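Q: Output the structure for:
(one chain, ligands or ions: 2)
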Amino acid sequence: MFLKIEGIKKSFGYGENRVEVLKGLNLEIERGEFCVLLGPSGSGKSTLLNIIGGIDGADDGSITIEGERLEDMSEKRLSLYRRKHLGYIFQMYNLIPNLTVRENIEVGAYLSDQPLPVDDLLNILGLTEHQRKLPNQLSGGQQQRTAIGRAIVKNPDILLCDEPTGALDYHTSKEILKLIEKVNLKYGNTIIMVTHNDAIKDMADRVVKLKDGGIRSNILNKNKIPAAELEW
Ligand code: ADP
Ligand code: MG
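A: Numbering: from 1, shown residues only. Ligands and ions are numbered 1, 2, ... in the order given. Reported below is the predicted structural model:
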C-alpha cells in the first residue's frame with residue numbers, strides 16, 4: 001500500500017474548549033489514486049490533509065508513505081518530503097505577486113532535482129500565451145492553473161488539494177478539476193482532494209466521507225468515466 005493512515009487522532013484546544021476532531025481515523029490509498037474527501041464543514045478534512053502533508057502533527061497514530069513513517073522522519077527528511085514529494089493546492093492561489101506566471105511555476109521547479117519541463121506544463125495548463133503576465137493580470141481560473149503548475153512542476157508523489165475550486169464559478173471549477181484529473185492520468189501523482197463540486201463524480205477513483213472524527217464511508221467510484229471517453 002502506498003499511503004497508510006492508521007489510528008490518527010487529533011484534538012484542538014484545552015479544557016472545556018477541547019475538540020476531538022479526528023478520533024482514530026484509518027485510510028489506505030494506492031499509488032496514482034485520485035481520492036476525494038467529503039464531509040461536513042468542521043469534520044476535519046483540512047486537518048487530515050495537513051497531517052498527511054507533514055504541516056501539522058497528529059496526537060496519535062501514524063502516516064506511512066511507501067513503508068516510511070512520517071512521525072519517524074528527521075526534521076531534514078521531513079523538509080525534503082514536503083519540498084520534493086508533496087504538492088499543495090489551496091482555495092487561495094497564493095501566487096507571488098511580482099513574479100510572472102512562468103516564474104511562479106519556476107519557483108516550484110527550483111525545489112526539485114528533476115522538474116517537469118516548464119514549457120510542456122504551460123502548454124497542458126493552457127498558459128503558454130499568459131506566461132509573461134503577473135498574477136493580477138489573470139482571471140481566477142488562470143491564477144489557479146498557475147498554482148497547479150507550481151505544485152506539480154516538481155512531479156510530486158502526492159498532490160493535496162484543499163477545496164481548489166472554492167473561489168471559482170461552476171464552469172471554471174469544472175475546467176480546473178478536469179485539469180487536475182489530466183495531471184493525475186498523465187503523471188500518475190496520487191491525489192487527495194477536498195471538494196464540494198459535483199463534477200468530481202466522473203473523475204475520482206475513490207470517494208471517502210468523513211464524519212464524527214472517522215471514516216463514514218469509503219467506496220471505489222463506479223461512476224468514474226474511463227479516461228479514454230473523456231473529452232479534453
Ligand atoms: P474541515 O476542513 O472539514 O471544514 P477542519 O479540519 O478545518 O475542518 O477543522 C476541524 C475542526 O478543528 C474545526 O472545529 C476547527 O475549528 C478545528 N480546528 C482546525 N484547525 C484548528 C487550529 N489550528 N486551532 C484550533 N482549532 C482548529
Ligand atoms: Mg477545510
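Q: now this structure, which segments are flagged as low pLDDT?
A: With pLDDT under 70 as the threshold, the chain has low-confidence stretches at 226-232.
Q: Mind listing residues that contact stretch 124-135?
A: Contacts to stretch 124-135, defined as C-beta atoms under 8 Å, 6 or more residues apart in numbering, come from residues 93, 95-102, 104, 119, 122, 137-138, 142-143, 145-146, 148-149, 179, 182-183, 186. Placement of C-beta: from N, CA and C, glycine included.
Q: filter these to the buried ones?
A: With neighbours counted by 16 or more other C-beta atoms under 10 Å, those contain buried members at 93, 95, 99-102, 104, 122, 138, 142-143, 145-146, 148-149, 179, 182-183.
Q: Sitting in strands, which of those residues do you find?
A: Using DSSP state E to define strands, no part of the buried ones among the contacts of stretch 124-135 is located there.
Q: quick one: which of those sit in helices?
A: Secondary structure assignment by DSSP state H places 101-102, 104, 122, 142-143, 145-146, 148-149, 179, 182-183 of these in helices.
Q: So which bits of the protein are right by ligand 2?
A: Where proximity means C-beta under 5 Å from the ion, the interface of the chain facing ligand 2 comprises Lys45, Ser46.
Q: As a check, name the ranges of all strands in the chain.
A: Listed in chain order, the strands found in the chain under DSSP E are 3-12, 19-29, 34-38, 60-65, 68-69, 86-90, 158-162, 190-194, 206-211, 214-220.
Q: Could I get these in a markdown table, plus columns for distance to Gly54 and mean neighbour count?
A: Supplementary listing: the strands of the chain in a markdown table, determined by distance: least, C-beta to C-beta, whole Å; neighbours: other C-beta atoms under 10 Å:
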| stretch | distance to Gly54 | mean neighbour count |
| --- | --- | --- |
| strand 3-12 | 13 | 18 |
| strand 19-29 | 16 | 18 |
| strand 34-38 | 17 | 22 |
| strand 60-65 | 8 | 18 |
| strand 68-69 | 11 | 12 |
| strand 86-90 | 7 | 22 |
| strand 158-162 | 10 | 23 |
| strand 190-194 | 13 | 24 |
| strand 206-211 | 20 | 19 |
| strand 214-220 | 21 | 13 |
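Q: So which of the buried ones among the contacts of stretch 124-135 reach ligand 1?
A: Restricting the buried ones among the contacts of stretch 124-135 to those touching ligand 1 (C-beta under 6 Å from any ligand atom) yields no residues.
Q: Give me the most central residue, this structure.
A: Geometric centre of the chain, nearest residue: Leu160, 1.6 Å, by C-alpha atoms, centre = their mean.
Q: how about the residues of this protein near ligand 1?
A: With the criterion set to C-beta under 6 Å from any ligand atom, the chain comes near ligand 1 through Phe12, Gly13, Val19, Val21, Gly39, Ser41, Gly42, Ser43, Gly44, Lys45, Ser46, Thr47.
Q: From these, pick the one nearest ligand 2.
A: Distance ranking of these against ligand 2, using C-beta to the ion, places Ser46 first at 3.2 Å.
Q: OK, contacts around that closest one?
A: Taking C-beta under 8 Å, 6+ apart, we find Ser46 in contact with Asp162, Val194.
Q: Tell me how far it lies from Gly188.
A: 25 Å (C-beta to C-beta, to the nearest Å).
Q: Likewise for Asp119?
A: When C-beta to C-beta is the yardstick, Asp119 and Gly188 sit 20 Å from each other.
Q: Output stretch 53-69 as CSV, nothing but the C-alphas.
A: What follows is stretch 53-69 as a C-alpha-only set of coordinates in CSV (Å, rounded to 0.1, in the frame of the first residue of the first chain):
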residue,chain,number,x,y,z
GLY,A,53,1.4,16.9,4.3
GLY,A,54,3.6,17.0,7.4
ILE,A,55,2.4,20.5,8.2
ASP,A,56,0.6,19.5,11.4
GLY,A,57,1.4,16.6,13.7
ALA,A,58,-1.2,14.0,14.9
ASP,A,59,-1.7,13.4,18.6
ASP,A,60,-1.6,9.7,18.0
GLY,A,61,-1.5,7.2,15.1
SER,A,62,0.8,7.0,12.1
ILE,A,63,1.1,8.0,8.4
THR,A,64,3.2,5.6,6.3
ILE,A,65,4.3,6.5,2.8
GLU,A,66,5.9,3.7,0.9
GLY,A,67,6.9,2.0,4.1
GLU,A,68,8.4,5.1,5.7
ARG,A,69,6.7,6.6,8.7
